[in-house]
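K.L.:
Show me the folded form of this:
(one chain, ligands or ions: 1)
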Amino acid sequence: MRIIGMVLAGGMLLGLVACGEAPKAPVEGEAVEAAPEAPPGVMLSDARVQLPAVSGRPGVAYFTVSQASGPPRSIAAVAVEMAGRTEMHETIKVGEAMTMRPVVAIPLESGKSVEFVPGGKHIMLFDLDPKLRFQDSVELTVTFDGGDKATARAKVTTVNTMEGMH
Ligand SMILES: [Cu+2]
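P.N.:
Predicted coordinates:
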């Protein structure tokens, strides 16, 4: 539960910063509104997309998925709007070099969260629509092994820092 607590606290902190201005407009990427069709107990947060520095190269997406309750699941696929194709990757060390490899399923247990972060697990985005721009937002959909889906808005942030590895 401790990890979940930290995730929730992080989300609240972001919410506070984002809602600092007087009219309380909905904030894209905020966990509360971001998971309209998540299975019970599952929450997506911190979804963001990094564009490639050079058009035509892959982008990358990161997010955190947590499960407060319910049966163990595994993440089967992650789709991102405006990306033609995606792959789940993990970063590994081979000798002295860092590289990455595709993964097919990532387990998610009750009371745990899985973070997709730079230097760790991430979603590679191939055939990105060149119309996608900095500060746009796109829908990110996580599909679990049983067919359940969870969605969040992913904000387009900086350029892809993992690009050199491909
Ligand atoms: Cu990768």
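K.L.:
I'd like the distance from stretch 126-143 to the chain centre, please.
P.N.:
The chain centre lies 12 Å from the centre of stretch 126-143; the measure is Cα atoms, centre = their mean, to the nearest Å.
K.L.:
now do stretch 140-155
P.N.:
Chain-centre distance of stretch 140-155: 9 Å, with Cα atoms, centre = their mean.
K.L.:
what about it, start to end distance?
P.N.:
Stretch 140-155 stretches 10 Å from its first residue to its last (Cα to Cα, to the nearest Å).
K.L.:
Show me which residues of the protein sit near the ion.
P.N.:
Residues of the chain lying close to the ion (Cβ under 5 Å from the ion) are 89, 100, 124. Heads up, the C-betas are built off the backbone N, CA and C, glycines and all.
K.L.:
Tell me which of those has the lowest pLDDT.
P.N.:
Among these, M100 carries the weakest pLDDT, at 94.
K.L.:
Can you lay out the residues of the chain next to the ion as a markdown table showing secondary structure?
P.N.:
Shown next, in a markdown table, are the residues of the chain next to the ion (DSSP: H, G, I helix; E, B strand; the rest coil):
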| residue | secondary structure |
| --- | --- |
| H89 | strand |
| M100 | strand |
| M124 | strand |
